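**Q** One predicted model, sequence on top.
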Amino acid sequence: MTCFWDSILSCLKEDDYKFANIGRGNRKHFITKIKLRNRPMKSVKWQGKNLTEQEIKEHMEAIKDYNVNGIGSGHLTSICDSFLLLICELFNVSIIHRFLRTNIVYSHPKTRKTLRFKNNRGHFQVG
């Protein structure tokens, strides 16, 4: 199950890749590239609040430790997901993630566009 990554990749366009200086490629290529660009998500607000230094450190660690070769087993999307935070930071996008009936908002102050996703307990998709 690669629905998390497939949904993200389907929303990113050529201008997004150019903006982030990340070449377009398959899932593993994309994940590897953003892992290499892992950095503090200081610009991103989650649910209207800045992340603490400790939270940023933990998210960066989770990204660093992520096993790219395990993507076929699915991505356990967190309520405050490390990769969604990093994507906001790298691409200057905001994300609205609707989990069941709750909107989870990741916002970037210089938002170029907003990506929308939704999921239930087992499937992540463009929303």
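**A** Good, I have the coordinates.
**Q** Where does the prediction get shaky in this structure?
**A** Residues of the chain meeting the criterion pLDDT under 70: none.
**Q** Tell me where it has helices.
**A** Taking DSSP state H to define them, one finds helices in the chain at 3-11, 14-20, 27-36, 53-65, 82-91.
**Q** looking at the ones you listed, which is closest to residue 126?
**A** helix 3-11 (5.1 Å; CB to CB). C-beta here means a position set from N, CA and C on the backbone, and glycine is covered the same way.
**Q** how distant is that closest one from the center of its chain?
**A** Its chain's average C-alpha position is 10 Å from that of helix 3-11, according to CA atoms, centre = their mean, to the nearest Å.
**Q** most centrally placed residue in the protein?
**A** residue 84 (2.1 Å; CA atoms, centre = their mean).
**Q** wait, what's in contact with that one?
**A** For residue 84, the contacting residues are 77, 95, 97, 106, by CB atoms under 8 Å, 6 or more residues apart in numbering.
**Q** State the distance from the second one to residue 70.
**A** Here residue 95 is placed at a distance of 23 Å from residue 70 (CB to CB, to the nearest Å).
**Q** Cheers, nothing more for now.
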